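Participant: With the input below, show me the fold.
(one chain, ligands or ions: 1)
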Amino acid sequence: MKKSLLAQVYDPESFREQGHALIDQLADHLLENLGEKGGRAIAYRHPDTELAFWRSFMEDGKKEQLFPEILEGATKLHHPQCIGHQVAPPAPITALTAMIGGLLNNGMAIYEMGMSPTAMERVVTEVLCEKIGYQGHPGGFLTSGGTLANLTALLTARRVMLPEDVWNLGHGRPLGIMVSEEAHYCVDRAAKIMGLGEKGIIKVPTQANYAMDNALLEEQYRTATEAGIHVFAIIGSAPCTATGAFDDLEGIATFAAQKKLWFHVDGAHGGATIFSEKYRPLLKGIEKADSVIMDGHKMMMMPTITTALLYKNGDHAKLTFRQKADYLLSQSDRGDWYNAGKKTFECTKTMMSVHWYTLLKYYGTDAFNAYVTQLYDQGAAFAEMIGAHPKLELAVRPMCNIVCFRYVDQTLSGKAQNKQNETLRQALLENGEFYVVQTKLRGVHYLRITVMNPFTTKDHMAKLLHKIENMALAL
Ligand SMILES: *Cc1c(COP(=O)(O)O)cnc(C)c1O
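Facilitator: Modelled structure (predicted):
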């Protein structure tokens with residue numbers, strides 16, 4: 001008798017068969033890309049071409065070809081010449097943990113929906129709080145991405161720092177936050193969602209090295225206050241996205257303490273630097289932050305999307321989404337650490353703690369130390385090669401694994417130089433041997449790389465620089 005459609009959907013034996021086949025395909029994908037036998041870092045197709053392909057595949061593509069086609073068309077994050085955005089090539093074991101989460105679907109809004117991931121999450125956040133250097137009763141949780149984590153932290157800040165109950169009553173006076181002009185756009189978005197408006201986002205100018213200019217904090221604060229804005233939080237970027245510049249967190253902490261502001265650290269990219277013995281000093285002062293975020297899917301080798309939000313005072317985590325404005329937590333509240341949905345923006349969320357816990361259990365914090373240190377070292381090494389090249393120019397000496405640079409043809413005007421670098425980047429994309437991105441800094445167009453793969457070497461970099469030079473000459 002033929003199985004019903006739903007019995008087919010849930011058939012354990014087809015799962016076993018498809019699973020084994022898929023693992024083989026993924027392992028080959030890893031072998032090919034890590035070993036550079038698989039060709040290009042990105043096989044770029046125009047969005048309309050891609051759309052046409054998938055429309056027609058839905059009509060007459062072979063089922064067996066579906067997964068191979070997805071692999072084929074992917075941007076190959078494990079390829080050492082894929083040095084574009086800040087997304088990690090995941091440690092393969094986290095693809096397995098993703099599969100566990102995918103099948104078990106233990107959603108974690110309340111404890112019984114995901115008992116082990118809830119407890120694992122507590123263990124993981126305790127490790128992170130300890131590494132940050134928090135004392136007392138720190139705490140935190142995992143949530144879906146840096147964007148959401150920053151918003152959540154700012155909502156907590158508003159709750160804790162203001163005497164009025166904005167959550168229930170709305171705000172009757174203009175509120176503001178201070179942040180570097182180079183901060184990630186999601187901070188701007190969070191502030192807008194919170195109704196702070198354009199004037200509630202006090203954008204502090206940066207120094208020549210793109211870190212927030214702390215010398216301007218006092219004046220910026222005064223101007224805002226005189227304009228009737230009540231500033232309640234300040235954000236340090238660790239680092240900012242475009243250039244990878246780390247703000248001086250220690251200095252921001254001092255300012256925040258003076259003015260009684262909530263101090264939040266956006267460590268989406270560089271929060272993981274707490275694990276690097278060598279680069280940890282970049283985060284000096286982070287232990288003074290009221291809240292810190294870090295993305296597992298950036299500098300911690302995990303799949304998209306998983307972010308930790310940690311609080312110096314763990315009790316604050318519970319206040320954010322409280323329906324009642326009762327600020328004092330009872331003992332029983334402190335005991336109730338396990339109903340995640342009370343603290344997170346999400347109701348159902350994925351079993352993301354399993355990735356973190358598994359990496360820590362299998363490889364320990366040493367793996368994060370090795371990963372972050374290797375990538376930052378490579379950032380510095382590549383910057384040195386760029387700096388030594390007669391035709392290339394760095395935007396700034398990088399502090400981590402994000403490097404911005406450009407090709408300079410002295411015979412061209414500034415505008416034409418911008419155009420040339422834009423054209424170069426498009427040519428690189430269409431060629432696909434390397435995946436490199438771009439950014440505009442203070443009106444100048446730069447190529448931008450982020451070394452995310454620990455197996456990207458100076459040879460790869462030399463090849464890229466050579467290619468850029470040849471392309472520029474051919475233009
Ligand atoms: C990437 C990034 C974000 C956004 O995080 P997502 O996980 O992509 O939502 C926020 N801030 C900084 C500094 C980042 O680099």
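Participant: So which bits of the protein are right by the ligand?
Facilitator: The chain has residues 86, 145-147, 184, 186, 237, 240-241, 266, 268-269, 295, 305, 307 near the ligand, with proximity defined as Cβ under 6 Å from any ligand atom. C-betas here are computed from N, CA, C, even on glycine.
Participant: Tell me which residue in this structure sits closest to the ligand.
Facilitator: Per Cβ to the nearest ligand atom, Gly146 is where the chain lies closest to the ligand, at 2.4 Å.
Participant: I'd say that residue and Asp295 touch.
Facilitator: Yes: assessed by Cβ atoms under 8 Å, Gly146 is found in contact with Asp295 at 4.9 Å.
Participant: Common neighbours of the two, please.
Facilitator: Here Gly146 and Asp295 share the contacting residues 268, 307, scored by Cβ atoms under 8 Å, 6 or more residues apart in numbering.
Participant: neighbours around Arg16, how many?
Facilitator: The local packing of Arg16 (other Cβ atoms under 10 Å) involves 10 other residues.
Participant: Could you say which helix or strand holds it?
Facilitator: helix 12-34 (DSSP states H and E).
Participant: again, but for Gly140
Facilitator: Under the criterion of DSSP H and E, Gly140 resides in strand 139-143.
Participant: mind listing what that strand pairs with, with the direction of each?
Facilitator: Strand 139-143 has the following sheet partners, assigned by DSSP bridges: strand 307-311 (antiparallel).
Participant: circling back to that earlier point, which one of the residues of the chain next to the ligand has the most neighbours?
Facilitator: Among these, Asp266 has the most neighbours (other Cβ under 10 Å), with 31 neighbours.
Participant: So that residue: helix, strand or coil?
Facilitator: Three-state assignment for Asp266 (DSSP: H, G, I helix; E, B strand; the rest coil): strand.
Participant: now do Ala41
Facilitator: Relying on three-state DSSP, one would call Ala41 coil.
Participant: follow-up on the earlier one: pLDDT wise, what is the nearest residue to the residue of the chain closest to the ligand once chain neighbours are set aside at?
Facilitator: Spatial nearest neighbour of Gly146, excluding adjacent residues (Cβ to Cβ, 6 or more residues apart in numbering): Ala268 at 3.4 Å. Ala268 carries a pLDDT value of 98.
Participant: Please list all residues in contact with Ala268.
Facilitator: By Cβ under 8 Å, 6+ apart, the contact set of Ala268 is 146, 149-150, 184, 241, 293-295, 298, 307.
Participant: 7 Å instead, please
Facilitator: By Cβ atoms under 7 Å, 6 or more residues apart in numbering, the contact set of Ala268 is 146, 184, 293-295, 298, 307.
Participant: What of Gly267?
Facilitator: By Cβ under 7 Å, 6+ apart, the residues touching Gly267 are 238, 292-294.
Participant: In a markdown table, list these along with distance to His137 and pLDDT.
Facilitator: Formatted as a markdown table, those follow (distance: Cβ to Cβ, whole Å; pLDDT from 0 to 100):
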| residue | distance to His137 | pLDDT |
| --- | --- | --- |
| Ala238 | 23 | 98 |
| Val292 | 15 | 98 |
| Ile293 | 19 | 98 |
| Met294 | 20 | 98 |
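Participant: Quick check: buried residues in the longest helix along the chain?
Facilitator: Longest helix in the chain, counting residues (DSSP state H): helix 353-388. Within helix 353-388, the residues that count as buried by 16 or more other Cβ atoms under 10 Å are 353-360, 367-369, 371-379, 382-383, 385-386.
Participant: Output stretch 238-245 as PDB, nothing but the C-alphas.
Facilitator: The C-alpha coordinates for stretch 238-245 follow below in PDB (Å, rounded to 0.1, in the frame of the first residue of the first chain):
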ATOM      1  CA  ALA A 238      33.600  47.100  19.600                       C
ATOM      2  CA  PRO A 239      34.300  47.600  16.800                       C
ATOM      3  CA  CYS A 240      32.300  49.700  14.400                       C
ATOM      4  CA  THR A 241      31.400  47.700  11.300                       C
ATOM      5  CA  ALA A 242      32.800  49.600   8.300                       C
ATOM      6  CA  THR A 243      36.400  50.000   9.500                       C
ATOM      7  CA  GLY A 244      36.700  47.700  12.500                       C
ATOM      8  CA  ALA A 245      37.700  50.600  14.800                       C
END
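Participant: residues making contact with that stretch?
Facilitator: Contacts to stretch 238-245, defined as Cβ under 7 Å, 6+ apart, come from residues 180, 182-184, 209-211, 246-247, 249, 265-267, 269-271, 283, 395-396, 398-402, 404, 439, 441.
Participant: got any ranges where the stretch 251-400 of the chain has weak pLDDT?
Facilitator: 323-335 (pLDDT under 70).
Participant: could you redo the last one with a cut-off of 50?
Facilitator: Applying pLDDT under 50 to the stretch 251-400 of the chain picks out residues 325, 327-329, 331.
Participant: and the contacts of Gly267 as CSV, adding distance to Gln135?
Facilitator: What follows is the contacts of Gly267, written out as CSV (distance: Cβ to Cβ, whole Å):
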residue, distance to Gln135
Ala238, 20
Val292, 14
Ile293, 20
Met294, 19
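Participant: ok, of those, which one's closest to Ala98?
Facilitator: For these, the minimum distance to Ala98 (Cβ to Cβ) is 18.8 Å, reached by Met294.
Participant: would that closest one count as being in a strand?
Facilitator: Yes: when the secondary structure is assigned by three-state DSSP, Met294 falls within a strand.
Participant: quick one, what contacts it?
Facilitator: For Met294, the contacting residues are 267-268, 271-272, 307-308, by Cβ under 7 Å, 6+ apart.
Participant: Would you check which pair of these lies furthest apart?
Facilitator: The span of the contacts of Met294, defined through Cβ to Cβ, is set by Ala272 and Thr307 at 11.3 Å.
Participant: In three-state terms, label the residue nearest to Met385 when sequence neighbours are not counted for me.
Facilitator: Closest residue in space to Met385, ignoring its immediate chain neighbours: Met461 at 5.7 Å, by Cβ to Cβ, 6+ apart. Three-state call for Met461 (three-state DSSP): helix.
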